[in-house]
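*Asks:* Sequence and predicted structure below; questions after.
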Amino acid sequence: MKSAEKSAKSLERRILHRVREAVAAYRLIEPGDRILVALSGGKDSMALLHFLSVMRRSNNGSFDLKAVHVRMANVDYRTDLLQLKEYAEQRGTGFELLDAAFKPDEKQGRSACFLCSWTRRKALFNYAQANGYNKIALGHHRDDLLQTAMMNLTFNGTFATMSASLAMDKFPITLIRPLCTVDEADLRLWADFTEVVATVKACPYDKIGKRHEMQGIMQQMQTFNPEFRQSLWHALNKAGKV
């Protein structure tokens, strides 16, 4: 076996192991669940759909999966819809395209990124509720949770992050994040090895805002202490915040 192929298989096993650990530790998936996978076309959501489909096959189809892509009409965020549909079908899931848009909002603190995210989420909620899906899987990885913790600590004075599992109050739906224990570096490697991510992302807001700046700060913290991310993750789990 060639070295690159061996490394790719080892990486695949490592990520799958961490997804299984997260599913078990946070009780993310139960037999009979009907799960929508939010498929944006980026590496994280592509990996999410792939590894959940692998788990479903190994569990004899004990839960249902369907990929959904929300297309925002007023944001320059382009994806290859045919590629996404084929990618989902190759993994034995259906594919649904939803169209949505948001209006400019003058309220302070409600950025275009916030409005876009909430509009996408609402479209997923409505589709899930109308079609009998009880869970929505999002592609947030461990670094996303760590960045959120740092944002909350810095700007809100709270020690909290996105939950691995969150039951919604206004909808009979639970949000799950099966990649929450997977490092973004591993997902980048996986994307390089598999060459499955070829969608075009051209969002005008992608490099704007405090979250992007926080990424740079966290890189500095990692240089200051190579164990920074692990220490922060340990603290979040110890406090029951994941």
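*Replies:* Thanks, I have it. Numbering: from 1, shown residues only.

*Asks:* what's across from residue 100 in the sheet?
*Replies:* For residue 100, the beta-bridge partners are residue 72 (DSSP bridges).

*Asks:* what mean pLDDT would you report for the helix or strand containing residue 233?
*Replies:* Using DSSP states H and E, the element containing residue 233 is helix 228-238. The pLDDT scores in helix 228-238 average 95.

*Asks:* cool, and stretch 13-21?
*Replies:* Across stretch 13-21, the per-residue pLDDT values average to 97.

*Asks:* Pull out the buried positions in the helix or strand where residue 37 lies.
*Replies:* In this assignment (DSSP H and E), residue 37 forms part of strand 34-38. Residues 35-38 are the ones in strand 34-38 that count as buried (16 or more other CB atoms under 10 Å). In this view, the C-beta of every residue, glycine as well, is placed from N, C-alpha and C.

*Asks:* Mind giving me the packing neighbours of that strand?
*Replies:* helix 43-58, strand 64-72, helix 112-131, strand 135-137 (3 or more CB pairs under 8 Å, 6 or more residues apart in numbering; DSSP states H and E).

*Asks:* what angle separates it from helix 112-131?
*Replies:* Relative orientation of strand 34-38 versus helix 112-131 (axes from the mean of the first three to the mean of the last three CA atoms, to 10 degrees): 150 degrees.

*Asks:* a helix runs through residue 103, doesn't it?
*Replies:* No: secondary structure assignment places residue 103 outside any helix; it is coil (DSSP: H, G, I helix; E, B strand; the rest coil).

*Asks:* And for it, the neighbour number?
*Replies:* Residues within reach of residue 103, counting by other CB atoms under 10 Å, total 7.

*Asks:* that older thread, show me which of the buried residues of strand 34-38 is closest to residue 167.
*Replies:* Comparing those against residue 167 with CB to CB places residue 35 closest, at 14.3 Å.
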